[in-house]
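Novice: I would like to see how this sequence folds:
(one chain, ligands or ions: 2)
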Amino acid sequence: MTVSEQYFPQEPTAPKVVTSTIPGPESQRKIKELGQVFDERHAYFVADYTKSTGNYIVDVDGNVLLDVYAQIASIPLGYNNPALREVAKSDRMIRAIIDRPAQGNFPGADLAEIAGDVLKAAPKGQKFLWSGLCGADANELAFKAAFMYYQSQKRGYNAEFSKDEQTSVMANEAPGAPELAILSFENAFHGRLFASASVTRSKPIHKLDLPAFKWPKAQFPAYQYPLGDHEDANKKEDARCLAIVEDIFQNWHAPIAGVIIEPIQSEGGDNHASASFFQGLRDITLKYKSLLIIDEVQTGVGATGAFWGHEKFNLSPAADIVTFSKKFQSAGYFYNNPQITPNQPYRQFNTWCGDPARMILAGAIAKEIVKNDLVRKTSDVGDYLYAELAKLAAKYPKDMQNLRGEKCATFIAWTLESGAKRNQFLADMKMAGVNIGGCAEASVRLRPTLTFEEKHADILVKAIDAVLSKK
Ligand SMILES: O=C(O)CCC(=O)C(=O)O
Ligand SMILES: NCCCC(=O)O
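Specialist: Ligands and ions are numbered 1, 2, ... in the order given. So this is what the prediction gives:
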């Protein structure tokens, strides 16, 4: 029996579309009702989460769709996963939910164990954990840690704050509120809060009207595909982009305390960069004593063929900070240098300091992934799927340009001729029984769960073929 058969004996064997539009009539009615109390304009359809199972999402009209978008890449083990349902019913989880502690001040007796279970899944070289609430929060907490670290290295980790610092910070002025920067990359997506929106560079809609930190941006490599035919050009592209980073470090008017980067730029288009680009970036951050922050919010937790996407780059030394959320359900960051812990308490702090319920879930997700060897299995199914998609890309070269994600498990994407054609494709795929997502202006991305298997891949490939053959 496969893992998905063990978890989901009742998983549908095929999609079923019973309405002539998606959203269907009941979804439309409920979306309208929702609109009375909540901004409903982003809703594609209304889901029935009691009926959704494994890799299939069911809507309120009874449509059953194979889900390769999985709540914007954040369902790790399939809908209604029985192992996670057991964890949800445990006394420990119930306590964590109804008596949610302010875990900074009043940690539960089991917090060290709960955090330890999350840390068991940490990327190689990471020893400590700080906990937050969502991906943007995780990134902003990481920036705070980077800024405090930068200043503490300048001042001396154990040195006291000066009077001048204490007075000026209350006026939002230097030296207490110093001018420091985080460097990010064009097309990056790191969230939509204030500092995270400032380092997000994928679409204007994410940040229009928000005051922004005036921080620098470098260029992320833009490779030519297929990669095998363009090795020299792509190496030059790495060198060009690293030279831009180095130039920014040398010339930016303020110190750059940290560099944030996704192992694969996701929302911004599934843009990949080589291990040597990432090592080059690591070398530059070391040279300028800046922290390397790897944003694993979307790439983490087994989706790319490693537990953490950047582990494939074998960075030496390891990244300074690694942020997580989405498939891990819990959010936060890992780090390895004890001096990244702020030099005084109450600097990195809030009422909840994370959420033990979500941390328990993260530990359980990691345990299930290891127990069922799901990183390797997802990698194998990704290889199978990529080979099938490469055949389709040869058949439909205009509608499947720049197929990317070879050897990156199911983290696969391609580009269509225009945003309008891509959007039509996503809509047609729903009518063909597949819930699928886009990224950037004109790309399609696959983000199935880690229980997505060859039988699901066959259904997906057949649906893509059927949709593209009718264009
Ligand atoms: O649009 C958002 O805020 C969620 C974005 C995200 O992580 C994505 O689309 O990849
Ligand atoms: N960044 C994803 C937003 C959702 C969507 O465009 O469908």
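Novice: The closest residue to ligand 1 within the stretch 351-471 of the chain: what's it in contact with?
Specialist: Taking CB to the nearest ligand atom as the measure, the point where the stretch 351-471 of the chain comes nearest ligand 1 is residue 439, at 6.4 Å. Yep, even glycine has a C-beta here, placed from its N, CA and C like the rest. The contact partners of residue 439, taken as CB atoms under 8 Å, 6 or more residues apart in numbering, are 266-270, 413, 445.
Novice: So this protein: which segments form each domain?
Specialist: For the chain, the domain assignment from automatic domain parsing gives the residue ranges 3-80+373-469, 101-354.
Novice: quick one: buried residues of stretch 26-36?
Specialist: Applying a neighbour-count criterion of 16 or more other CB atoms under 10 Å, one finds 26-28, 30-31 buried in stretch 26-36.
Novice: Test my guess that residue 104 contacts residue 347.
Specialist: No - counting by CB atoms under 8 Å, residue 104 sits too far from residue 347 to count as a contact (11.3 Å).
Novice: quick one, which of these two is more surrounded?
Specialist: For residue 104 versus residue 347, the count of surrounding residues by other CB atoms under 10 Å is larger for residue 104: 16 against 12.
Novice: now the more buried one, nearest residue through space, not along the chain?
Specialist: Spatial nearest neighbour of residue 104, excluding adjacent residues (CB to CB, 6 or more residues apart in numbering): residue 353 at 4.0 Å.
Novice: Am I right that that neighbour is in a helix?
Specialist: No - counting by DSSP: H, G, I helix; E, B strand; the rest coil, residue 353 falls outside a helix, being coil.
Novice: Secondary structure, distance to residue 115 and pLDDT added to the buried residues of stretch 26-36, as TSV?
Specialist: As requested, the buried residues of stretch 26-36 are exported to TSV (DSSP: H, G, I helix; E, B strand; the rest coil; distance: CB to CB, whole Å; pLDDT from 0 to 100):
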residue	secondary structure	distance to residue 115	pLDDT
26	helix	43	98
27	helix	40	98
28	helix	44	98
30	helix	39	98
31	helix	40	98
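Novice: Can you give me the pLDDT of the residue nearest the centre of the chain?
Specialist: The C-alpha lying nearest the average C-alpha coordinate of the chain belongs to residue 298 (CA atoms, centre = their mean; 1.5 Å). Taken from the predicted model, the pLDDT recorded for residue 298 is 98.
Novice: buried residues in stretch 411-431?
Specialist: Judged by neighbour count using 16+ other CB under 10 Å, the buried positions of stretch 411-431 are 411-416, 422, 425-426, 428-431.
Novice: element containing the closest residue to ligand 1 within the chain, please.
Specialist: Shortest the chain-to-ligand 1 distance, computed as CB to the nearest ligand atom: residue-wise this is residue 267, at 3.4 Å. Here residue 267, judged by DSSP states H and E, is contained in no helix and no strand.
Novice: which residues does it contact?
Specialist: 189, 202, 298, 439-440.
Novice: Now it: closest residue in space that isn't a chain neighbour?
Specialist: Here the nearest residue to residue 267 in space, its sequence neighbours aside, is residue 189; by CB to CB, 6+ apart that works out to 3.5 Å.
Novice: now swap in residue 258 and tell me
Specialist: Taking CB to CB, 6+ apart as the measure, residue 258 lies nearest to residue 146, with 3.5 Å between them; neighbours along the chain are not counted.
Novice: Surely that neighbour and residue 293 touch.
Specialist: Yes - counting by CB under 8 Å, residue 146 touches residue 293, with 6.5 Å between them.
Novice: Mind checking which of those two has more residues around it?
Specialist: For residue 146 versus residue 293, neighbours defined as other CB under 10 Å are more numerous around residue 293 (30 against 25).
Novice: and the helix or strand in which the more buried one is found, what other elements does it pack with?
Specialist: Under the assignment given by DSSP H and E, the secondary-structure element containing residue 293 is strand 291-295. Of the remaining helices and strands, those touching strand 291-295 by 3 or more CB pairs under 8 Å, 6 or more residues apart in numbering; DSSP states H and E are helix 135-155, strand 256-261, helix 275-287, strand 321-324.
Novice: Need the contact partners of it.
Specialist: With contact meaning CB under 8 Å, 6+ apart, strand 291-295 is reached by 123, 135, 139, 142-143, 145-146, 149-150, 182, 188, 190, 257-263, 281-282, 285, 308, 310, 315, 319-323, 333, 340.
Novice: Would you map the helices across the stretch 51-200 of the chain?
Specialist: In order along the chain, the stretch 51-200 of the chain carries the following helices (DSSP state H, counting those that start in this stretch): 70-73, 82-89, 91-98, 111-119, 135-155, 163-169, 194-199.
Novice: closest to residue 220 out of these?
Specialist: When the helices of the stretch 51-200 of the chain are compared by CB to CB, helix 194-199 sits nearest residue 220, at 12.4 Å.
Novice: For stretch 67-75, measure first residue to last.
Specialist: From the first residue to the last, stretch 67-75 extends over 10 Å; the measure is CA to CA, to the nearest Å.
Novice: So which residues on this structure come close to ligand 1?
Specialist: Near ligand 1, the residues belonging to the chain are 72, 189, 192, 266-267, 298 when assessed by CB under 6 Å from any ligand atom.
Novice: which residue packs closest to residue 19, ignoring adjacent ones?
Specialist: residue 61 (4.8 Å).
Novice: Give the full set of residues in contact with the one you found.
Specialist: Taking CB under 8 Å, 6+ apart as the criterion, residue 61 is in contact with 18-19, 22-27, 45.
Novice: Residue 451 now?
Specialist: Counting by CB under 8 Å, 6+ apart, residue 451 touches 3-4, 7-8, 54-55, 77-78, 81, 374.
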